[in-house]
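Trainee: Quick one, what's the 3D model for this:
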Amino acid sequence: MLFDLTLVAKKLTVDILRIKPGEEVVITYDTESHEEVALAVAGSVHLIGGKPMLIKISAPSGVGKAADPELPLRSLSAALKECDVWIEFNEKWLLYSTAYEEAVKNESLRYICLVGMDPDMMKRTLNIDIKRLQMFMEEFTRRIKKSKNVRIRSKAGTDICFENSPVRPVICDSGKADKPGIYMLPGQISWTPIIESINGTIVFDGSVVPPLGLLRSPIVLKVENGMIKDISGGNQADVFRAWLESFNHPAMFRLAHISPGFNPGAKLTGNVLEDERIWGCTEWGIGYIGEDMIPDLMDIDQAPSHCDGVCLNSSIVVDGVELTHEGKIVDEELIKLSPVD
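Mentor: Residues are numbered from 1 along each chain as shown. Alright, predicted model coming up:
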């Protein structure tokens, strides 16, 4: 398997992260991660002259700040905030944990979130035409940045509207991660709208992670002014509601970001890292909001954890112009740039 991953690991380290000789690269994973992925990437870092460090921890029971009590926070934070590049493969992600918050204080750090990556997913989602994907996603991002009003619908019943903030960034993870910053698996655009402007219905019909994974039936969220007011659908909806309530924190019911997915190789697996990049889906983050997404709200009351839910085959309308229809690109200029025929 390591042999099979060699070329894909090189695409990550050379084409995406563009690691340079002498750079110190920390690769984190846990006891539920796929170790062969971490080893393949460490080998690639070594071959190009970088200095890899592998940090394996016991998988905590929660993610984000909910994992803090079970993490070796002092030692982990010390290593992460001193490296040049941090690649995260943890199954129970460190993203949004205290260790993460300490690490990103290092303004020269390049961090990429590849949580839960397994060998097959690595080959599917990274062995793609990165350059063409970048051109497409940069144009899509430009459309989002200049738009004010957005409406998202789906056959499953999603119908949600919101307004964009002119001062908040639109993050384009297109596979270009050579400068300091926070990056994700290629194939997703993310931003936080004006939270109180988000109103309507969201129907998750792909996956919700945590606490569920793949969905057996849709989960329906009624949203008012950016807050989830009702959750319905079945047994999994009940589990989801109970999980949010278990934190006893109102911000766990707050929408955090919206993220259309555009990775040509992604498929529905139950791993949210891949699910939220399925071509033509939209994904909603709930709970904790990354500070890089809300520079105007640095004093916001943060939630203790975060989850993501996927709406498949979405139609996205910006300022009255439909860019995607049921998961397919319909805007003429975007069709020309699309890496998917």
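
Trainee: quick one, strands of the stretch 101-250 of the chain?
Mentor: Counting by DSSP state E, counting those that start in this stretch, the stretch 101-250 of the chain has strands at residues 110-113, 149-154, 159-163, 171-173, 181-184, 188-190, 199-204, 207-209, 213-214, 219-224, 227-232.

Trainee: These: which one's closest to residue 282?
Mentor: Distances from residue 282 to each of those were compared using C-beta to C-beta; the shortest belongs to strand 149-154, at 5.5 Å. From N, CA and C alone the C-beta is placed, and that goes for glycine too.

Trainee: who does that closest one touch, helix- and strand-wise?
Mentor: Identification of packing neighbours for strand 149-154 by 3 or more C-beta pairs under 8 Å, 6 or more residues apart in numbering; DSSP states H and E yields strand 159-163, strand 314-318.

Trainee: Need the residues that contact the strand or helix carrying residue 86.
Mentor: Following DSSP states H and E, one finds residue 86 within strand 85-88. Around strand 85-88, the neighbours that count as contacts under C-beta atoms under 8 Å, 6 or more residues apart in numbering are 12, 17, 19, 23-29, 41, 50, 80, 94-95, 103, 109-115.

Trainee: let's go with 7 Å and repeat that
Mentor: Strand 85-88 is touched from outside by 17, 19, 23, 25-28, 41, 80, 94-95, 103, 109-115, with contacts defined as C-beta atoms under 7 Å, 6 or more residues apart in numbering.

Trainee: quick one on the thing from earlier: kindly reformat the strands of the stretch 101-250 of the chain as TSV containing mean neighbour count.
Mentor: Below are the strands of the stretch 101-250 of the chain laid out as TSV (neighbours: other C-beta atoms under 10 Å):
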stretch	mean neighbour count
strand 110-113	22
strand 149-154	20
strand 159-163	18
strand 171-173	22
strand 181-184	20
strand 188-190	23
strand 199-204	20
strand 207-209	24
strand 213-214	14
strand 219-224	19
strand 227-232	14
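
Trainee: Out of these, which gets nearest to residue 130?
Mentor: Once C-beta to C-beta is applied to the strands of the stretch 101-250 of the chain, the stretch that comes out nearest is strand 171-173, at 11.4 Å.

Trainee: Determine how far the closest one lies from the middle of the whole chain.
Mentor: Average the C-alpha atoms of strand 171-173, do the same for its chain, and the two points are 10 Å apart (C-alpha atoms, centre = their mean, to the nearest Å).

Trainee: next one: stretch 117-127
Mentor: The mean C-alpha position of stretch 117-127 is separated from the chain mean by 15 Å, C-alpha atoms, centre = their mean.

Trainee: buried ones in that stretch?
Mentor: Under the neighbour-count criterion of 16 or more other C-beta atoms under 10 Å, stretch 117-127 has 117, 118, 119, 121, 122, 123, 124, 125, 126 buried.

Trainee: Outside of the helix or strand of the chain with the lowest mean pLDDT itself, list whatever touches it.
Mentor: Considering only helices and strands, the least confidently modelled element of the chain by mean pLDDT, DSSP states H and E is helix 2-10, at a mean of 87. Contacts of helix 2-10 from elsewhere in the structure, counted by C-beta under 7 Å, 6+ apart, are 36, 37, 39, 40, 41, 43, 44, 119, 122, 123, 126, 127.

Trainee: Go through those residues and flag which are in helices.
Mentor: Applying DSSP state H to the contacts of helix 2-10, the entries found in helices are 36, 37, 39, 40, 41, 43, 44, 119, 122, 123, 126.

Trainee: quick one on the thing from earlier: is it possible to get the contacts of helix 2-10 out as TSV so that each row also shows distance to residue 179 and pLDDT?
Mentor: Formatted as TSV, the entries for the contacts of helix 2-10 read as follows, by distance: C-beta to C-beta, whole Å; pLDDT from 0 to 100:
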residue	distance to residue 179	pLDDT
36	29	95
37	24	97
39	27	96
40	24	96
41	20	97
43	25	96
44	20	97
119	28	95
122	23	96
123	26	95
126	19	95
127	24	91
